[in-house]
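Peer 1: Any chance you can model this:
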Amino acid sequence: MSYAIDTSIGQLTPSLALANIYKWQSALTPSSPLVDYVNSGGGYPGWSPRWKGTAALRWKKGSLSTNLSGRYIGRYLTIKGSYRTQRLGIPGLRRQRPL
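Peer 2: Model prediction:
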């Protein structure tokens, strides 16, 4: 979702995109059973955190423009059994009980 806002300092365009992954299944071979890899980081052959998103702000005035963006990745279970979390874009590990 995004829309432009005209201001005295130029045009500002905020944007936001969120995703809630509720199912991510894969198998090593066609005959192998499907395994759910949502919230299981580092799983092979693939995985996905349950929540992820991006937020951005674009500024434009005449021929000048710039963009500031950030990404959010929700917590996920690592191979070692800890939840990987991010606080303001800073990764950190925190041990918790599985959901």
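
Peer 1: how about low-confidence regions in this structure?
Peer 2: Scanning the chain for pLDDT under 70 picks out the ranges 1-2, 39-47, 77-99.

Peer 1: again, only using 50
Peer 2: Low-confidence segments of the chain, defined by pLDDT under 50: 88-99.

Peer 1: all helices in it, in order from the N-terminus.
Peer 2: Assigned by DSSP state H, the helices in the chain number zero.

Peer 1: So which residues of it form strands?
Peer 2: 5-7, 10-20, 25-26, 35-36, 51-61, 64-73, 76-77, 83-87, 90-94 (DSSP state E).

Peer 1: Can I get the fifth one in PDB? Just the C-alpha atoms.
Peer 2: Which is strand 51-61. Below are the C-alpha coordinates for strand 51-61, written out as PDB (Å, rounded to 0.1, in the frame of the first residue of the first chain):
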ATOM      1  CA  TRP A  51       5.600 -12.700   9.700                       C
ATOM      2  CA  LYS A  52       7.700 -10.400   7.500                       C
ATOM      3  CA  GLY A  53       7.300  -7.000   6.000                       C
ATOM      4  CA  THR A  54       8.800  -3.800   4.700                       C
ATOM      5  CA  ALA A  55       8.100  -0.100   5.300                       C
ATOM      6  CA  ALA A  56       9.500   2.700   3.200                       C
ATOM      7  CA  LEU A  57       9.300   6.500   2.800                       C
ATOM      8  CA  ARG A  58      10.200   8.200  -0.500                       C
ATOM      9  CA  TRP A  59      11.000  11.900  -0.800                       C
ATOM     10  CA  LYS A  60      11.000  13.700  -4.200                       C
ATOM     11  CA  LYS A  61      11.400  17.300  -5.000                       C
END
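
Peer 1: ok so, going back, pick the most deeply packed of the strands of the chain.
Peer 2: The highest mean neighbour count among these, using mean count of other C-beta atoms under 10 Å, belongs to strand 76-77: a mean of 22. Every residue, glycine included, has its C-beta placed from N, CA and C.
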